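K.L.:
Return atomic coordinates for the entry below.
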Amino acid sequence: MVKKKALLKPGLADTLLPAASHDVLEPDEVWSFVKRRPDKRWLWIALCRRTRQVVAYVIGDRSEKSCQTLWEAIPESYKHLHSYSDFWTAYQKVFPKKTHRSAGKASGQTNHVERWHNTLRQWLSRYTRKTLSFSKSDEYHAWVTPLFIRKYNLTLSL
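P.N.:
All right, here's what the predicted structure looks like:
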């Protein structure tokens, strides 16, 4: 049933509002696990501050390679925008130095993406830190997460 729903939903790019020149991206990552807590999966997202929409996401590990994949998934119309992330070194290596800044949580530059993580945890229990709910397979995890993101984006574009 989940696969059928995923196939019927529009692609992520079809859920996005157009980028504006003053938009700001907030990339960040949040972990969950499959089967066992040590089997972590990292959801990397880039959130547009103005629209609160997820413009790109990747499920992977917490490596520079996953960050690079996130950067490549960001639509071209958003790549020239300023971005703010935490101090994770992968962002500093992958995102362009000209438009990217690292900022601490107290600065408020990543508040929107941190708040989005709370929304994710409320709606998908598999992302809750202490839970009995978890994904039993990578395949299911890879279907449920994009379904949520696209549904979330669509509610903001109406």
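
K.L.:
if I pick the most centrally placed residue in the chain, what's in contact with it?
P.N.:
In the chain, the centroid-proximal residue (CA atoms, centre = their mean) is Ile45; its distance is 1.9 Å. Ile45 sits next to 27-30, 54, 56-57, 70, 113, 116, 149 when contact means CB atoms under 8 Å, 6 or more residues apart in numbering. C-beta: built from backbone N, CA, C; applies to glycine.

K.L.:
Give me the subset of these that lies in strands.
P.N.:
If you go by DSSP state E, the contacts of Ile45 have 27-30, 54, 56-57 in strands.

K.L.:
Out of these, who's the most crowded?
P.N.:
Highest neighbour count within these: Pro27, with 26 neighbours (other CB atoms under 10 Å).

K.L.:
Closest one of the ones in strands among the contacts of Ile45 to Ser83?
P.N.:
The nearest member of the ones in strands among the contacts of Ile45 to Ser83, counting by CB to CB, is Pro27 at 6.0 Å.

K.L.:
Reformat the ones in strands among the contacts of Ile45 into CSV and put pLDDT and distance to Asp86 next to each item.
P.N.:
Shown next, in CSV, are those (pLDDT from 0 to 100; distance: CB to CB, whole Å):
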residue, pLDDT, distance to Asp86
Pro27, 98, 9
Asp28, 97, 7
Glu29, 95, 9
Val30, 90, 12
Val54, 97, 17
Ala56, 97, 17
Tyr57, 97, 17
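
K.L.:
In terms of helices and strands, where is Arg50?
P.N.:
Under the criterion DSSP states H and E, no helix or strand holds Arg50.

K.L.:
In contact with it, which residues are there?
P.N.:
20, 22-24.

K.L.:
Between those, identify the one with the most neighbours.
P.N.:
Asp23 (19 neighbours).
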